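*Asks:* Build the 3D model from these lines:
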Amino acid sequence: MKNTIQAFMKRPTTIVGIITALMFQIVFSVIWMTGYNGVTDRIDKLHIAVVNEDQQFGTQIAGSLVSSLPFQMSQPSSLEDAKQQLNARELQMIIYFPADFTQKAMAADGKADIGYIINESNPALIKSIMSGVAAEVTKEANAQAIEQGIAGTLGKAGIPTEQAAIAGQSLAERITANIESTNQVKGMNNQMVPMMMVLASYVGAMIMGMNLEQSSMMVSAGAGRWKRFAARSIITAGSAIFVSLIGSSLLAAFNGQMEQGFLKLWLFQLMFVLAFMFVSQMFLYVFGMAGMLFNIIALSAQLVSSGAIVPRELLPDFYVKLGEALPATYAVEGLMNVLFGGTGIGSEVAALAIIAIVGFVISMAAVGLKKQAVMKPGQMAMKSN
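*Replies:* All right, here's what the predicted structure looks like:
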């Protein structure tokens, strides 16, 4: 047994395997601990719009919210404009005061609703945070109805102070939250699909690239570097078509949510799988098998910076900028639109195409600059043994 262990330890592949396992621990620990550090301290980077159509009490509350809530606050000119921004994920929530808000609040038997509109085509954390904000805003509106709003309005109308205060108390209890969700996500299984597809696609791409690199070394005696590069590129493109078709088909087979249809999902998955494959193989072309270290780093960085788990607005600036250069960010954005609803995916497809082309060009340059490496038949036999 001792001799067998020694024989294993003499093999470079054994050492590489141990180092790879170690690097996963180091890389994921460093990137995830720094990427998610202070997430809850950056909620002030989230955007909320206040739309007010009520010229009395609604105006007072809306002004107070814009000045006091710890978020990036705005007041769009219309509800329609705000909804467009929400659909594009430029906003995380809309707070809406309808034109009859004061009228309903003042009615003896009325009930005034504050409208809250949340786009669920986002990481699940967005809905959780914004639902909490809605509860706090409604509570604060109720308090203002007593202290400043309705009681004072009724007093000015000639109602005795004591009666106005009592009326204000009863009215405050009837100001409620009306939460509306757009692009609803049907279940946690669907909510996790963008992260699952990105993780599965990039891990698959990097493992495939590693095996293609080994195959390329083995056939180097009978094929020049440009023939091997061309063959790998054709195999990569063909594999991307097949892999993405299977991935999208499996999602459909399990009744996954596809708001924009199967064909659009498949074609978009084909785009980001191809980008993943070219990027992961780029590291291997440039650094050889040592490029797998860069793939491990890229995998971890993309899971953090893409917005699949935590909204990008809550990440440190370094990871926000890093995500803009990595394909997973655009894969997640596009997947949320295709799966749950949202804007088109034209900008995401363009970004993925640029990243894929850059990866392909850098790989081609690496092939041109490197010397021809040939693995002789004897070396092949030794490697197979």
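*Asks:* For the rest of this, base every contact and every neighbour count on C-alpha atoms.
*Replies:* Will do.
*Asks:* Averaged pLDDT, stretch 119-135. What do you get?
*Replies:* Averaging pLDDT along stretch 119-135 gives 93.
*Asks:* before we move on, what about stretch 185-203?
*Replies:* Averaged across stretch 185-203, pLDDT comes to 95.
*Asks:* Give the buried residues for it.
*Replies:* 185, 190-191, 193-195, 197-199, 201-203 (16 or more other Cα atoms under 10 Å).
*Asks:* The residues you listed in helices, which ones?
*Replies:* 190-191, 193-195, 197-199, 201-203 (DSSP state H).
*Asks:* which stretches of the stretch 51-200 of the chain form helices?
*Replies:* Under the criterion DSSP state H, counting those that start in this stretch, helices of the stretch 51-200 of the chain are mapped to 57-68, 79-87, 101-106, 124-147, 150-156, 161-172, 188-191, 193-218.
*Asks:* what's in contact with the second one?
*Replies:* When you say that, I think you mean helix 79-87. For helix 79-87, the surrounding residues in contact (Cα atoms under 8 Å, 6 or more residues apart in numbering) are 49, 51, 76, 91-94, 96, 118-119, 342-343.
*Asks:* So which bits of that helix are buried?
*Replies:* Buried, per 16+ other Cα under 10 Å, within helix 79-87: 79, 82-83, 85-87.
*Asks:* Would you mind writing the CA trace of it as PDB?
*Replies:* What follows is helix 79-87, C-alpha atoms only, in PDB (Å, rounded to 0.1, in the frame of the first residue of the first chain):
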ATOM      1  CA  LEU A  79     -46.700  56.100 -12.800                       C
ATOM      2  CA  GLU A  80     -46.200  54.800 -16.300                       C
ATOM      3  CA  ASP A  81     -42.600  56.100 -16.400                       C
ATOM      4  CA  ALA A  82     -41.900  54.600 -13.100                       C
ATOM      5  CA  LYS A  83     -43.200  51.200 -14.200                       C
ATOM      6  CA  GLN A  84     -40.900  51.300 -17.200                       C
ATOM      7  CA  GLN A  85     -37.900  51.900 -15.000                       C
ATOM      8  CA  LEU A  86     -39.100  49.200 -12.600                       C
ATOM      9  CA  ASN A  87     -39.400  46.700 -15.500                       C
END
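*Asks:* From Val304, how far off is Phe24?
*Replies:* Computed as Cα to Cα, to the nearest Å, the Phe24 to Val304 distance reads 14 Å.
*Asks:* sorry, that was for Pro316
*Replies:* Separation of Pro316 from Val304 (Cα to Cα): 11 Å.
*Asks:* Common neighbours of these two, please.
*Replies:* 35-36.
*Asks:* These two: which has the busier surroundings?
*Replies:* Val304 (28 against 17; other Cα atoms under 10 Å).
*Asks:* Please name the residues that touch the more buried one.
*Replies:* 31-32, 35-36, 310, 319.
*Asks:* quick revisit: distance to Trp266 added to the buried residues of stretch 185-203, as JSON lines?
*Replies:* Below are those laid out as JSON lines (distance: Cα to Cα, whole Å):
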{"residue": "Val185", "distance to Trp266": "19"}
{"residue": "Asn190", "distance to Trp266": "16"}
{"residue": "Gln191", "distance to Trp266": "18"}
{"residue": "Val193", "distance to Trp266": "14"}
{"residue": "Pro194", "distance to Trp266": "13"}
{"residue": "Met195", "distance to Trp266": "16"}
{"residue": "Met197", "distance to Trp266": "12"}
{"residue": "Val198", "distance to Trp266": "14"}
{"residue": "Leu199", "distance to Trp266": "17"}
{"residue": "Ser201", "distance to Trp266": "13"}
{"residue": "Tyr202", "distance to Trp266": "16"}
{"residue": "Val203", "distance to Trp266": "18"}
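*Asks:* Could you list the low-pLDDT ranges of the stretch 51-200 of the chain?
*Replies:* For the stretch 51-200 of the chain, applying pLDDT under 70 flags the ranges 108-110, 145-174.
*Asks:* quick one: secondary structure of the most centrally placed residue in the chain?
*Replies:* Nearest to the mean C-alpha position of the chain, counting by Cα atoms, centre = their mean, stands Gly307 at 2.6 Å. Classification of Gly307 into helix, strand or coil gives coil, according to DSSP: H, G, I helix; E, B strand; the rest coil.
*Asks:* Quick check: it touching Ser121?
*Replies:* No - taking contacts as Cα atoms under 8 Å, Gly307 lies outside contact range of Ser121: 11.6 Å.
*Asks:* got CSV for the helices of the stretch 51-200 of the chain, with distance to Lys264 too?
*Replies:* Output for these, formatted as CSV (distance: least, Cα to Cα, whole Å):
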stretch, distance to Lys264
helix 57-68, 39
helix 79-87, 19
helix 101-106, 42
helix 124-147, 23
helix 150-156, 52
helix 161-172, 48
helix 188-191, 17
helix 193-218, 15
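*Asks:* report the longest helix in the protein, please.
*Replies:* helix 225-253.
*Asks:* returning to what we had before: out of the contacts of Val304, what pair is the most spread apart?
*Replies:* Ile31 and Val310 (13.8 Å; Cα to Cα).
*Asks:* For beta bridges, what are the partners of the closest residue to Ser181 other than its chain neighbours?
*Replies:* Spatially, and ignoring its direct neighbours in sequence, Ser181 is nearest to Ile118 (4.9 Å; Cα to Cα, 6 or more residues apart in numbering). In this structure, Ile118 bridges to Met93, Ser181 when assessed by DSSP bridges.
*Asks:* Distance of Ile118 relative to Lys111?
*Replies:* Distance, Ile118 to Lys111, by Cα to Cα: 22 Å.
*Asks:* Likewise for Ala82?
*Replies:* Counting by Cα to Cα, the gap from Ala82 to Lys111 is 25 Å.
*Asks:* ditto for Phe340
*Replies:* Taking Cα to Cα, one finds Phe340 at 33 Å from Lys111.
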